[in-house]
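Engineer: give me coordinates for this.
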Amino acid sequence: EVKKKILVPLSVFLLGICLAGLLVWKTDTHEKEQRRTTAQLNATTYGERIKNEITNGIEITDALKQILISEDGEINHFDTIAENLMSDSVESVQIAPDGIVTDIYPAEGNEAGKIDLYHDKDRSKISCYARDNHTLITQGPFELKQSSYGFAVRNPIYLKNANGQEYFWGFTIVILRVPDIFSNSIEALSNFGYEYRLSKKDAPWSDDYKVVYQSDGQMTAPVSYEFTIGGEKWRFEVTPKSGWRNDCLIATVSGIFMAVTLLLSGLTRVWLVSKENKNKFQILAHMDSLTKINNRYGFDELAEKMMDKNPKMYFVAGLLDIDDFKFINDIYGHVYGDRALKSLTDSIRLFSQKTHYWEETVAMSSAFFCRIIPIKKRENCCYNLPSFQRHFHAREKNIRFLFLSDMQNIQPLHPAVHSLCAVQMQHFMK
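Structural biologist: Have a look, this model is predicted:
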């Protein structure tokens, strides 16, 4: 019983811990999936916004391109046109006939930008790629003046000569500031609690990505959205600033399930103890502590059950006592009196096993015992009396057995009355 009171609550606790761990793991997994799904939606949404914002900057080169095509490669009032195309995110607007930058707006501070793209070691290869593949290319980021950064967009222009043959005219170029060109998107994303990183392929023929701009925080297992501008691949990655795991939720769920587990373990312990105490109290309520047989309350209850279970049978009750029991207590002491009671109890148990009667035995007082016996017929109810008497006389000389045999004329009574009649006749029996 002691082991049961320890092992069962411990088993409940361990099982609760396992279930709590499983539920916490499931909660954590579900929360991560939800966060990744939300992050992926944000990466897609803001990636598209960044693409559109970069595309809006690139449209400056398309506008110049259309003017040059319509004017057959000539452009008048370049500064005026470029000024109208400028915005806060544009560093400069340029044109480069035959790959040589000739005009820049604003010119002030950008004099060093007038270079031959084909002969510049950093710009030659990618410029030739754009010319030969008829594709728009971007290059950067690189450092601008005042410690800012930007990237160049070069849009190749092709005209037709008098014979209708296409030839390369040159480039329209725009230098876009980073991160000004997509500042609205990354600011909104940062306010939503995300770290971000925008990258592009270092060159159209390369598989390596170069970071265009990123936040200051650490990126952990980010989700990404890829898009194409011109002939180049771009990648936008995001990750929550607080990480993929919701530590607050996990701590709350773990605390709740731990508290529930401890509560269940404690309740199990209390239930086992109360059950054990209940059993003990039931035994004490129905059993005599000295002889370990039923007391009056237990006798009445079990006799009633026996009669209810066998409604067609008849029952007789017998009383036994120990002659001169007071003399035993006075001369030999109460210890020997208790031993006499226990000896009689053992004799009754042995007799019950030999006669195979279903019977209940009760200690009515310190000297009187009562037995209730089922019989099939009213006649010959004392059939087993001689052997019963011999059995007891052989063991204890001071035992006298009295049996109620004259019950033929008694009408069937309530079980409690039967047992009560048997008890109230003690004085007569003596």
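Engineer: check which helix or strand D28 maps to.
Structural biologist: Using DSSP states H and E, D28 sits within helix 2-70.
Engineer: surely S206 is within a strand?
Structural biologist: No - S206: not assigned to a strand; according to DSSP: H, G, I helix; E, B strand; the rest coil it is coil.
Engineer: how about the helices of the stretch 101-250 of the chain, start to end?
Structural biologist: Assigned by DSSP state H, counting those that start in this stretch, the stretch 101-250 of the chain shows helices spanning 124-133, 183-191, 247-286.
Engineer: can you put the ones you listed in CSV and add distance to D338, mean neighbour count and mean pLDDT?
Structural biologist: For every residue, glycine as well, the C-beta is placed using N, CA and C. Formatted as CSV, the helices of the stretch 101-250 of the chain follow (distance: least, Cβ to Cβ, whole Å; neighbours: other Cβ atoms under 10 Å; pLDDT from 0 to 100):
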stretch, distance to D338, mean neighbour count, mean pLDDT
helix 124-133, 112, 17, 93
helix 183-191, 88, 16, 91
helix 247-286, 18, 13, 84
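Engineer: ok and the following helix or strand past the helix holding D28 relative to helix 2-70, angle-wise?
Structural biologist: Per DSSP H and E, the first helix or strand lying C-terminal to helix 2-70 is helix 78-85. Angle of helix 78-85 versus helix 2-70, following axes from the mean of the first three to the mean of the last three Cα atoms, to 10 degrees, is 150 degrees.
Engineer: give me the next element, helix or strand, following helix 78-85.
Structural biologist: Past helix 78-85, the next helix or strand by DSSP H and E is strand 90-97.
Engineer: so in that sheet, which strands flank that next one, and in what orientation?
Structural biologist: strand 103-105 (antiparallel), strand 166-178 (antiparallel) (DSSP bridges).
Engineer: P311: neighbouring residues, count only.
Structural biologist: For P311, the tally of surrounding residues (other Cβ atoms under 10 Å) stands at 7.
Engineer: helix, strand, or coil at it?
Structural biologist: Applying three-state DSSP: P311 is coil.
Engineer: any idea how far it is from S70?
Structural biologist: 117 Å (Cβ to Cβ, to the nearest Å).
Engineer: select, out of the strands paired with strand 90-97, the one closest to L22.
Structural biologist: strand 166-178 (47.4 Å; Cβ to Cβ).
Engineer: for the record, mean pLDDT for that closest one?
Structural biologist: For strand 166-178, mean pLDDT rounds to 94.
Engineer: how far is stretch 218-236 from where the chain is centred?
Structural biologist: 34 Å (Cα atoms, centre = their mean, to the nearest Å).
Engineer: tell me the SS of K292?
Structural biologist: coil.
Engineer: so who does it touch?
Structural biologist: T345 (Cβ atoms under 8 Å, 6 or more residues apart in numbering).
Engineer: what's the spacing between it and Y194?
Structural biologist: Counting by Cβ to Cβ - K292 and Y194 are separated by 77 Å.
Engineer: before we move on, back to that, out of the strands paired with strand 90-97, deepest packed?
Structural biologist: strand 166-178 (a mean of 21; mean count of other Cβ atoms under 10 Å).
Engineer: any idea of the angle that one forms with helix 183-191?
Structural biologist: Using the same axes, to 10 degrees: strand 166-178 against helix 183-191 is 40 degrees.
Engineer: can I get strand 166-178 in PDB, CA atoms only?
Structural biologist: C-alpha atoms of strand 166-178 as PDB (Å, rounded to 0.1, in the frame of the first residue of the first chain):
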ATOM      1  CA  GLU A 166      19.500  47.500 -85.800                       C
ATOM      2  CA  TYR A 167      22.600  48.900 -84.100                       C
ATOM      3  CA  PHE A 168      23.600  49.600 -80.500                       C
ATOM      4  CA  TRP A 169      23.300  53.300 -79.600                       C
ATOM      5  CA  GLY A 170      24.400  53.300 -76.000                       C
ATOM      6  CA  PHE A 171      22.900  53.300 -72.500                       C
ATOM      7  CA  THR A 172      20.500  55.300 -70.400                       C
ATOM      8  CA  ILE A 173      21.700  55.100 -66.800                       C
ATOM      9  CA  VAL A 174      20.200  56.000 -63.500                       C
ATOM     10  CA  ILE A 175      21.900  55.800 -60.100                       C
ATOM     11  CA  LEU A 176      19.400  54.800 -57.300                       C
ATOM     12  CA  ARG A 177      20.100  55.500 -53.700                       C
ATOM     13  CA  VAL A 178      20.000  52.600 -51.200                       C
END
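Engineer: so how far is it off the chain centroid?
Structural biologist: The answer for strand 166-178 is 58 Å, by Cα atoms, centre = their mean.
Engineer: please apply the same query to stretch 24-36.
Structural biologist: 10 Å.
Engineer: quick check: beta-bridge partners of the closest residue in space to W234 that isn't next to it in sequence?
Structural biologist: Excluding the flanking residues, the one nearest W234 by Cβ to Cβ, 6 or more residues apart in numbering is K200, at 4.7 Å. Beta-bridge partners recorded for K200 (DSSP bridges): K210, W234.
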